[in-house]
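K.L.:
structure here, sequence nowhere to be found:
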């Protein structure tokens, strides 16, 4: 699943140049393209919360929750090793967007590591009965990228091979690669990276990039056009 970045680039430039509205440089396009991709990706999670509040339908192909979960499924990672370990501190994979289940295989088999708050951990550590053990490990979130695991000194040392996690990855950075020939930027597939979003998002990508571009090239009509097209598509999806 991928959307051709060159196809999106051509559509954006064609619409932006219509009636000589302006030219979007490759640097600007790549910047706006990644902002648009991230905006669409993050919206999935807000939409899931919204559609969970309303009844779904029995249609095999038009239930909105199913469609959103399909779009996100491409980014789901399972049982991925942590990228680094230092004592009982684990560093998450660099592309982690939302963390799911954390696993410990210190005992030779997978045990789910429960997430607890820092205050809750303090109470747990005060009593032997509730203190974390190898069979019942816990973790706290130290930062967006770091976890602290307990017990802090397990029977076997923590390592990247025995602490794994499920998570949703961020989309890879999209790049419209090019080579300058006769003072013109021409598409170079070997240095390009396509969008990772679902194929159905191609039009939304084009409109969001146009909206962002319209501000830079000072064309309010382009911003308005893109915003209206994007809103119309969103309203149709929610009917």
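P.N.:
Done, it's in. Being a predicted model, the structure only gives us computed values, none of them experimental.
K.L.:
show me what contacts residue 190?
P.N.:
For residue 190, the contacting residues are residue 177, by C-beta atoms under 8 Å, 6 or more residues apart in numbering. (Each C-beta comes from the backbone N, C-alpha and C, glycine too.)
K.L.:
over to the one 4 residues further on?
P.N.:
With contact taken as C-beta under 8 Å, 6+ apart, residue 194 is in contact with 2, 3, 4, 5, 174.
K.L.:
against which helices or strands is the longest strand seen in the chain packed?
P.N.:
For the chain, the strand that runs over the most residues, judged by DSSP state E, is strand 96-104. Here strand 96-104 touches strand 111-115, strand 163-169, going by 3 or more C-beta pairs under 8 Å, 6 or more residues apart in numbering; DSSP states H and E.
K.L.:
may I see the buried residues of whichever helix in the chain runs longest?
P.N.:
If you go by DSSP state H, the chain has its longest helix at helix 26-51. Going by neighbour count (16 or more other C-beta atoms under 10 Å), the buried part of helix 26-51 is 29-34, 36-37, 40-41, 44, 47, 51.
K.L.:
same list, those, but as TSV with distance to residue 121 please.
P.N.:
What follows is the buried residues of helix 26-51, written out as TSV (distance: C-beta to C-beta, whole Å):
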residue	distance to residue 121
29	47
30	43
31	41
32	43
33	42
34	37
36	40
37	37
40	37
41	32
44	32
47	34
51	35
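K.L.:
pick the one among these closest to residue 184.
P.N.:
Using C-beta to C-beta, residue 29 comes nearest to residue 184 of those, at 14.4 Å.
K.L.:
coming back round to it: now do the longest helix of the chain, average pLDDT.
P.N.:
Averaging pLDDT along helix 26-51 gives 93.
K.L.:
which SSE is immediately downstream of it?
P.N.:
Counting by DSSP states H and E, the next helix or strand C-terminal to helix 26-51 is helix 64-73.
K.L.:
for that next one, name the packing helices and strands.
P.N.:
helix 26-51.
K.L.:
and the helix it packs on, how far out from the chain's middle?
P.N.:
9 Å (C-alpha atoms, centre = their mean, to the nearest Å).
K.L.:
check stretch 69-81 too.
P.N.:
Centre to centre, stretch against its chain (C-alpha atoms, centre = their mean), the figure for stretch 69-81 is 10 Å.
K.L.:
buried ones in that stretch, by neighbour count?
P.N.:
Of the residues in stretch 69-81, those buried (16+ other C-beta under 10 Å) are 71, 72, 75, 77, 80.
K.L.:
give me the neighbour count for residue 138.
P.N.:
Burial of residue 138 is recorded as 22 neighbouring residues (other C-beta atoms under 10 Å).
K.L.:
isn't it right next to residue 111, touching?
P.N.:
No - counting by C-beta atoms under 8 Å, residue 138 does not reach residue 111; the two are 10.8 Å apart.
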